[in-house]
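Enquirer: kindly generate the corresponding structure for this input.
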Amino acid sequence: MKKILYTADSRGHADHGWLDAHHSFSFGNYYDPERIHFGMLRVLNDDIVQGGMGFGMHPHDNMEIITIPLTGALEHKDSTGGHGVIKQYDVQVMSAGTGLYHSEFNHSKTDLVNLLQIWVFPKEKGIKPRYDQKTFLPSERENKLQTIVAPDSTDALTVHQDTWFSLGKFEAGKTTDYTINKKGNGVYLFVIEGSVTAGEQLLNKRDALGIYDTDAISITSTTDAEFLLIEVPMN
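Expert: Numbers count the residues shown, from 1 in each chain. Next up, the predicted model:
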């Protein structure tokens, strides 16, 4: 098993007033040659957007984009005709493919929205752009893992990559084992709240651990904790 530790306080940070952003990997004006990507995981931004503010129409291509609101609601529009409000417990996927434009704004004029936006390199370039979103009940992740993104699934959202996203909410002292779905993949463990141990490493809120060259990992909650697992190809 090989591991890479990414502590919360080592992330890139940009405060634009209307947007308070933390970047797990190089993004925008934040650049660290040691933090370009973890396998096919290219971006993990932890954004807080002020009421009524957001990102105007801007382009993307050849990227799988996953958005997870942690609190609040985000309004989305894109050039494929996709339009909706993504709330807490919703997940959105967007395959940029050959190219599209989209905008994202805080749906509330007064309340903050905190979201995770994640980019994964696609399995192949030039696919037709698409958009989808789904609600995942939090009761389905109590002391167990809930798969929210998978390559081919009727229960989870699908993307054009051999990647699996899972959310877990565990009471203190609980342990869960995660088995790699595809040989050669690695797992990026991102702690949303609380603290956990994995691979003998203690992780606190917003810390992360990249794990690869293993078939399985064991995660124990040292406090009540919520976390996200992102399994991606390493090559």
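
Enquirer: which residue is nearest the middle of this structure?
Expert: Ile118 (4.3 Å; Cα atoms, centre = their mean).

Enquirer: ok, that residue to Thr67 distance?
Expert: 8 Å (Cβ to Cβ, to the nearest Å). Using the backbone N, CA and C atoms, a C-beta is placed for each residue, glycine as well.

Enquirer: circling back: nearest spatial neighbour of the residue nearest to the centre of the chain, chain-adjacent residues omitted?
Expert: Nearest non-adjacent residue to Ile118, counting by Cβ to Cβ, 6 or more residues apart in numbering: Ile66, 4.5 Å away.

Enquirer: gap between that neighbour and Leu157?
Expert: As judged by Cβ to Cβ, Ile66 and Leu157 stand 8 Å apart.

Enquirer: identify the contacts common to those two.
Expert: Common neighbours of Ile66 and Leu157 (criterion: Cβ atoms under 8 Å, 6 or more residues apart in numbering): Val91, Val93, Val149.

Enquirer: note down every partner strand of the one helix or strand the second one maps to and its orientation.
Expert: Read it as Val93. Secondary-structure element containing Val93, defined by DSSP states H and E: strand 90-95. Strands that pair with strand 90-95, judged by DSSP bridges, come out as strand 64-71 (antiparallel), strand 130-135 (antiparallel).

Enquirer: report the rounded mean pLDDT for the first one.
Expert: It stands for strand 64-71. On average, the pLDDT along strand 64-71 is 97.

Enquirer: quick check, distance from the strand or helix carrying Phe190 to the centre of its chain.
Expert: Using DSSP H and E, Phe190 falls within strand 185-193. Remark: strand 185-193 is offset 9 Å from the chain centroid, using Cα atoms, centre = their mean, to the nearest Å.

Enquirer: before we move on, the earlier item: give me whichever of the strands paired with strand 90-95 is most buried.
Expert: Across the strands paired with strand 90-95, averaging neighbours per residue (mean count of other Cβ atoms under 10 Å) puts strand 64-71 on top, at a mean of 20.

Enquirer: what comes into contact with it?
Expert: So strand 64-71 is contacted by 74, 76, 86-88, 90-96, 104, 112-122, 148-149, 157, 159-161, 163, 165, 192, 228 (Cβ under 8 Å, 6+ apart).

Enquirer: kindly export that strand (C-alpha atoms) in PDB.
Expert: The C-alpha trace of strand 64-71 is given here as PDB (Å, rounded to 0.1, in the frame of the first residue of the first chain):
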ATOM      1  CA  GLU A  64     -16.400  14.600 -16.000                       C
ATOM      2  CA  ILE A  65     -17.600  17.100 -13.500                       C
ATOM      3  CA  ILE A  66     -19.300  16.100 -10.300                       C
ATOM      4  CA  THR A  67     -20.900  18.600  -7.900                       C
ATOM      5  CA  ILE A  68     -22.000  17.800  -4.300                       C
ATOM      6  CA  PRO A  69     -23.600  20.600  -2.300                       C
ATOM      7  CA  LEU A  70     -22.800  20.100   1.400                       C
ATOM      8  CA  THR A  71     -25.100  22.900   2.600                       C
END
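
Enquirer: same for the helix or strand following that strand, what does it pack against?
Expert: Next helix or strand after strand 64-71 toward the C-terminus (DSSP H and E): strand 73-78. If you count contacts as 3 or more Cβ pairs under 8 Å, 6 or more residues apart in numbering; DSSP states H and E, strand 73-78 packs onto strand 54-60, strand 83-87, strand 100-106, strand 113-120, strand 130-135.

Enquirer: most packed of those strands?
Expert: Buried most deeply of the helices and strands packed on strand 73-78, by mean count of other Cβ under 10 Å, is strand 113-120, with a mean of 22.
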